[in-house]
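Q: sequence and predicted structure below; questions after.
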Amino acid sequence: MHKKILIIAVILCILAVSQAHSLGLGAQVNFYTGEAMFAPGLSLLVSPSDIFHIAANWYLNDESNIVGLTFDACPLRFTLLGSEDSLCLKFTIGIGIYTNLMFMKAEEKVEKLIVTGGLRAPVGLNLFFTRNLEIFTYVAPSFGVDFNPSFGLSSKPFFPVAIGARLWFK
């Protein structure tokens, strides 16, 4: 079952990439406020336009592997410093949806799969050194629903924070 879910996620990412306006590959460090969770990860961001972004993130930590998928619309975008062709600092505010597939581990074996999904409101800063090299940070207040192992509202909102770097192919 876990392999089928990962295969479907990869196929969706490939389909999204084939229609991309731009594609970003990167690494990030993730923190979850309110919980003592720290997870390094890899990121694939596909932008079919300047406003819409589809992201697939893979986080690794001692207790789980997490695959996160997001679809965000960021209509509020402000250039704070510089221009598109040189050093450029941007501020964005958006709204989106997410799903997380958490593969919980025990003694190096996957014990259970937890699936969640919901709404998020990403707020971020992006520093572009060139059109193709970016350092970013964001916080995305989120609230959602647990689908597996049981269905119901998530116990509380959470606030994922990420800091990372991306290489863009436009």
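A: Great, that's in hand.
Q: what's the neighbour count on the residue lying closest to Phe151 once chain neighbours are set aside?
A: In space, and not counting its chain neighbours, Phe151 is closest to Val145: 7.2 Å by C-beta to C-beta, 6 or more residues apart in numbering. Any C-beta I mention is one placed from the backbone N, CA and C, and that applies to glycine too. Val145: 14 surrounding residues under other C-beta atoms under 10 Å.
Q: what mean pLDDT does the helix or strand containing Val145 get?
A: For Val145, the host element (DSSP states H and E) is strand 142-148. The pLDDT scores in strand 142-148 average 83.
Q: could I have the CA atoms of it written out in PDB?
A: Extracted in PDB, the C-alpha atoms of strand 142-148 (Å, rounded to 0.1, in the frame of the first residue of the first chain):
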ATOM      1  CA  SER A 142      -2.200  25.100   8.900                       C
ATOM      2  CA  PHE A 143      -5.300  23.400  10.100                       C
ATOM      3  CA  GLY A 144      -6.600  20.100   8.800                       C
ATOM      4  CA  VAL A 145      -8.300  16.700   9.000                       C
ATOM      5  CA  ASP A 146      -6.800  13.300   9.800                       C
ATOM      6  CA  PHE A 147      -7.800  10.700   7.300                       C
ATOM      7  CA  ASN A 148      -5.900   7.700   8.500                       C
END
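Q: switch to numbering from 366
A: In the new count, where the first residue is 366, that last one comes out as strand 507-513.
Q: give me the contact list for that strand.
A: The contact list for strand 507-513 (C-beta atoms under 8 Å, 6 or more residues apart in numbering) reads 463, 478-486, 516-519, 522-525.
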